[in-house]
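> One predicted model, sequence on top.
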Amino acid sequence: MHTRHPVPGKEQIALLDPFERLGLDRIHLVSTGPQAERARDALAACRFWGFDTESRPTFAKGQESEGPHTVQLSTLEHAWVFQLHDPDCSVLVAELLALRGITKAGFGLGDDRKRIQARLGVEAADVLELNTSLQQRGYRKDMGVKAAVAVLFQQRFLKSKKAATSNWAKPQLSEAQLVYAANDAYAAARVFQALGLAD
């Protein structure tokens, strides 16, 4: 039998110091083609990105999501939150996600990949599911970002339920939405590095 590493529970995680998130000074909102080109140039210099998406929640039974409405890519220093209203911006995001040779690491990416395929018409390349990497190291299945941050950094990752269930299709995202979206991707980049996968 495999020994499973212990994972702290909610009560234990609540006692940890907070994970230092990216502030707005290191988060870039990208909503136009020219902004997306600048983001692409900055991101292309990195070998891996933290990766996540957000979609407007669906509340009716059987209602299909029209998401993703945002795609987040993060390095260890900066994060970019791409809005997909502008066709030029969407085209560049599709190109970034299809790029080979750059690892896109995140948590629970099965749905994200399906939605990207449906919305942007591309298969995201070189995607790494961090839950799988953690499972291979003896942790439980589907840990998620909160448990991973607690185990690897002994810190508490703050997630706002209000931001999580907010309207991601809005033309103007709030500061709370930007911080929430960017830091999901940023935490994934930090976990990827902490697991030694960036070496």
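All right, it came through fine.

> Excluding sequence neighbours, find me the nearest residue to Asn183.
Leaving aside its chain neighbours, Asn183 sits nearest to Arg21 (4.5 Å; criterion: C-beta to C-beta, 6 or more residues apart in numbering). In short, each C-beta sits where N, CA and C put it, glycine included.

> Name the nearest residue to Leu73, ignoring sequence neighbours.
In this structure, Leu73 finds its nearest non-sequential neighbour in Trp49, 4.5 Å apart by C-beta to C-beta, 6+ apart.

> got the phi/psi numbers for the one you found?
Note on Trp49: its backbone torsions stand at phi -130, psi 140 [degrees, to the nearest 10].

> Dump the C-alpha coordinates for the strand or helix carrying Asp111 into PDB.
If you go by DSSP states H and E, Asp111 is part of helix 110-120. Extracted C-alpha coordinates of helix 110-120, given in PDB (Å, rounded to 0.1, in the frame of the first residue of the first chain):
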ATOM      1  CA  GLY A 110     -10.200  19.500 -17.500                       C
ATOM      2  CA  ASP A 111     -13.200  21.800 -17.900                       C
ATOM      3  CA  ASP A 112     -11.000  24.800 -18.800                       C
ATOM      4  CA  ARG A 113      -9.500  22.800 -21.700                       C
ATOM      5  CA  LYS A 114     -12.800  21.800 -23.100                       C
ATOM      6  CA  ARG A 115     -14.200  25.300 -22.900                       C
ATOM      7  CA  ILE A 116     -11.100  26.700 -24.600                       C
ATOM      8  CA  GLN A 117     -11.500  24.200 -27.400                       C
ATOM      9  CA  ALA A 118     -15.100  25.200 -27.800                       C
ATOM     10  CA  ARG A 119     -14.600  29.000 -27.500                       C
ATOM     11  CA  LEU A 120     -11.200  29.600 -29.100                       C
END
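
> What residues sit buried inside it?
Of the residues in helix 110-120, Asp112, Arg113, Arg115, Ile116, Arg119, Leu120 count as buried by neighbour count, 16 or more other C-beta atoms under 10 Å.

> Parallel or antiparallel, list what pairs with whichever helix or strand comes after it.
Per DSSP H and E, the first helix or strand lying C-terminal to helix 110-120 is strand 127-129. On the basis of DSSP bridges, the sheet neighbours of strand 127-129 come out as strand 103-106 (parallel).
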